[in-house]
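**Q** With the input below, show me the fold.
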Amino acid sequence: MAKAKEIETESNGGHSALVDEIAEAIRKRIMSGQIPIGAQMRQAELATELGVSRTPVREALRQLHTSGLIEVVPNRGAIVRVPSPWEVRDAYEVRAELEGLACERAVSRISDTQLEELRAANQSMRDAVAKAKSGGKTDEPPTVQFNDAFHTLIHRVADNEWLTREINDINHAFPRNVSWLVLTDNKRQREENVAEHDRIVDALAAGDAQTARTEMQAHVKNAGEQLARWYEDRSSTVFVG
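**A** Numbers count the residues shown, from 1 in each chain. All right, here's what the predicted structure looks like:
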């Protein structure tokens, strides 16, 4: 990151495109799990890694704190926040309604070609699940890419930018790597995710808006419940050490 941009940032009172850029770089590290939940955010290390001074890093951390992604803990400073299980359930309850609406809107807009794209993405996901081995692997599995392609296509077909934006905001509220870590040791749940996608596609293909909406809502709520339970199991131990 250029020093000229940093100087401009400081002269403009702190908030600028550079601060946004740094905040996004840190956010990506958190969302991918490179900086795990409960990890301490050291300004000096981040500044060195990103090639800037502490000033814009400090402003970026403030921005992330405001968004709820990090928090300040006594004697530890800024850390990646561990969401409470009830917060996850509340967020996914809202997301289920939004994704259900997107699915309902997609029924009258989706083409045969797009239906085939959904089927292809889900088949790729099914193949990846069949090949996957449980446990031991912390890298993002290929199923994430296919799952994203499935949901993103439905959002695009729904053709409502406000709706897509709200869904994305909820998705970005929690580290994405945790969502797939939840399924690492649960092949049955991975297979059920694919089966839920099948039911959604079937409803879309049948032109059944109510079933499409209901199936998507159930799919998202199920994912939220799995995520909430994961946090419940780890909330008491994540800060130890």
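**Q** any idea how far Asn193 is from the residue nearest to Gly207 when sequence neighbours are not counted?
**A** Distances taken as CB to CB, 6 or more residues apart in numbering place Val107 nearest to Gly207, at 5.8 Å, with adjacent residues excluded. No exception for glycine: its C-beta is placed from N, CA and C like everyone else's. Computed as CB to CB, to the nearest Å, the Val107 to Asn193 distance reads 21 Å.
**Q** ok so, going back, check what pLDDT the residue nearest to Gly207 gets.
**A** Val107 is assigned 98 on the pLDDT scale.
**Q** isn't it right up against Leu204?
**A** Yes - counting by CB atoms under 8 Å, Val107 does reach Leu204; the two are 5.8 Å apart.
**Q** The two - which one has more neighbours?
**A** Taking other CB atoms under 10 Å, Val107 and Leu204 do not tie; Leu204 has more neighbours (25 against 20).
**Q** can you tell me the helix or strand for the more buried one?
**A** For Leu204, the element it lies in under DSSP states H and E is helix 187-206.
**Q** Return every residue with contacts to both of Val107 and Leu204.
**A** Ala212 (CB atoms under 8 Å, 6 or more residues apart in numbering).
**Q** which helices and strands does the helix or strand harbouring Gly100 pack with?
**A** Assessed by DSSP H and E, Gly100 sits inside helix 85-107. With contacts taken as 3 or more CB pairs under 8 Å, 6 or more residues apart in numbering; DSSP states H and E, helix 85-107 sits against helix 142-158, helix 161-171, helix 187-206, helix 209-234.
**Q** how about 6 Å then?
**A** The contact analysis (3 or more CB pairs under 6 Å, 6 or more residues apart in numbering; DSSP states H and E) places helix 85-107 against helix 142-158, helix 161-171, helix 209-234.
**Q** what comes into contact with it?
**A** 154-155, 157-158, 163, 166-167, 170, 204, 207, 209, 212-213, 216-217, 220-221, 224, 227-228, 231-232 (CB atoms under 6 Å, 6 or more residues apart in numbering).
**Q** now the residues you listed: which count as buried?
**A** In the contacts of helix 85-107, burial by neighbour count holds for 154-155, 157-158, 163, 166-167, 170, 204, 209, 212-213, 216-217, 220-221, 224, 227-228, 231, counting by 16 or more other CB atoms under 10 Å.
**Q** which intervals of the protein have sub-threshold pLDDT?
**A** Within the chain, the ranges that satisfy pLDDT under 70 run 1-15, 132-140, 185, 234-241.
**Q** Would you map out the domains in it?
**A** Following automatic domain parsing, one finds the domains of the chain at 3-80, 85-234.
**Q** Now find how far off-centre the first one is within its chain.
**A** Taking CA atoms, centre = their mean, to the nearest Å, one finds domain 3-80 lying 19 Å from the centre of the chain it belongs to.
**Q** One more: the last one?
**A** Relative to the mean C-alpha coordinate of its chain, domain 85-234 is positioned 11 Å out (CA atoms, centre = their mean).
**Q** Just the buried residues of the host helix or strand of Leu61, please?
**A** Using DSSP H and E, Leu61 sits in helix 54-67. Neighbour-count burial for helix 54-67 flags Thr55, Pro56, Val57, Arg58, Glu59, Ala60, Leu61, Arg62, Gln63, Leu64 (criterion: 16+ other CB under 10 Å).
**Q** Strand partners (parallel or antiparallel) of the helix or strand following that helix?
**A** Under the assignment DSSP H and E, the closest C-terminal helix or strand after helix 54-67 is strand 70-73. Strand 70-73 has the following strand partners under DSSP bridges: strand 77-80 (antiparallel).
**Q** Other residues contacting the strand it pairs with?
**A** Ile30, Ile35, Ile37, Ala39, Gln40, Met41, Leu61, Ile70, Val72, Val73.
**Q** Can you tell me how far the closest residue to Ala39 other than its chain neighbours is from Gly68?
**A** Ranked by CB to CB, 6+ apart and with sequence neighbours excluded, the top spatial neighbour of Ala39 is Val80, at 5.1 Å. The gap separating Val80 from Gly68 is 11 Å, by CB to CB.
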